[in-house]
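>>> Provided below are the primary sequence and the corresponding predicted coordinates.
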Amino acid sequence: LLAACGRSDPWEQELSRAIGKLNAAFPLLQLVSSLSVAELAELQRVHRSYVLTGFPPAYSQIDQDLCTSLSKKGLLLLDSSGCILGAYPFRGDGKEFCWVRIADGIEVGAMCALD
């Protein structure tokens with residue numbers, strides 16, 4: 001706001017530098033912050049399915065256009081028919097992942113143990 005008025009606040013400058021450092025250190029954060037509201041909602045719906053069931057939502061429950069867009073951005077892994085195989089950090093195909101037990105006891109596949 002101050003920049004729009006032609007003034008500069010040292011705190012605002014420091015905050016901008018900190019956000020820039022975060023985006024550089026965590027490219028995924030920058031990618032997620034660039035998503036549209038609809039893309040973010042679809043990604044959250046997919047993640048919620050993994051958390052609650054350990055698997056992605058069924059093909060009939062997803063917005064195919066949004067999932068294709070998320071796949072192009074590297075946040076979803078789709079098979080040739082458009083079904084979700086994985087949504088960073090979760091995988092549901094039983095390959096190349098670590099089992100992670102969420103606090104309520106549900107197990108999901110994560111792409112790495114740190115996830």
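It's in.
>>> where does pLDDT dip in this protein?
For the chain, applying pLDDT under 70 flags the ranges 1-9, 19, 22-29, 89-99, 109-115.
>>> could I get the full set of strands for it?
Ranges of strands within the chain are 76-78, 84-87, 90-91, 98-101, 107-110, based on DSSP state E.
>>> run through who's touching the first one.
By CB atoms under 8 Å, 6 or more residues apart in numbering, the residues outside strand 76-78 that reach it are L43, V46, C67, T68, L70, S71, I84, L85, G86, A87, Y88, R91. Every residue, glycine included, has its C-beta placed from N, CA and C.
>>> tell me who's in contact with the first one.
Listed by CB under 8 Å, 6+ apart, the contact set of L43 reads V32, L35, L70, L75, L76, A87.
>>> try it again at 6 Å.
L70, L75 (CB atoms under 6 Å, 6 or more residues apart in numbering).
>>> related to what we said a few turns ago, which of the contacts of strand 76-78 are buried?
L43, V46, C67, L70, S71, I84, G86, A87, Y88, R91 (16 or more other CB atoms under 10 Å).
>>> pretty sure the second one contacts A87?
Yes - the pair V46 and A87 qualifies as a contact (CB atoms under 6 Å) at a distance of 4.5 Å.
>>> can you tell me how far G105 is from Y88?
23 Å (CB to CB, to the nearest Å).
>>> ugh, typo on my part, it should be L70
Distance from L70 to Y88, by CB to CB: 10 Å.
>>> can you show me the helices along this protein?
Remark: helices assigned in the chain by DSSP state H are 10-25, 27-33, 37-53, 64-72.
>>> can you redo the contacts of strand 76-78 as a markdown table with distance to Y59?
Output for the contacts of strand 76-78, formatted as a markdown table (distance: CB to CB, whole Å):
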| residue | distance to Y59 |
| --- | --- |
| L43 | 16 |
| V46 | 12 |
| C67 | 9 |
| T68 | 13 |
| L70 | 15 |
| S71 | 14 |
| I84 | 8 |
| L85 | 12 |
| G86 | 15 |
| A87 | 14 |
| Y88 | 19 |
| R91 | 17 |
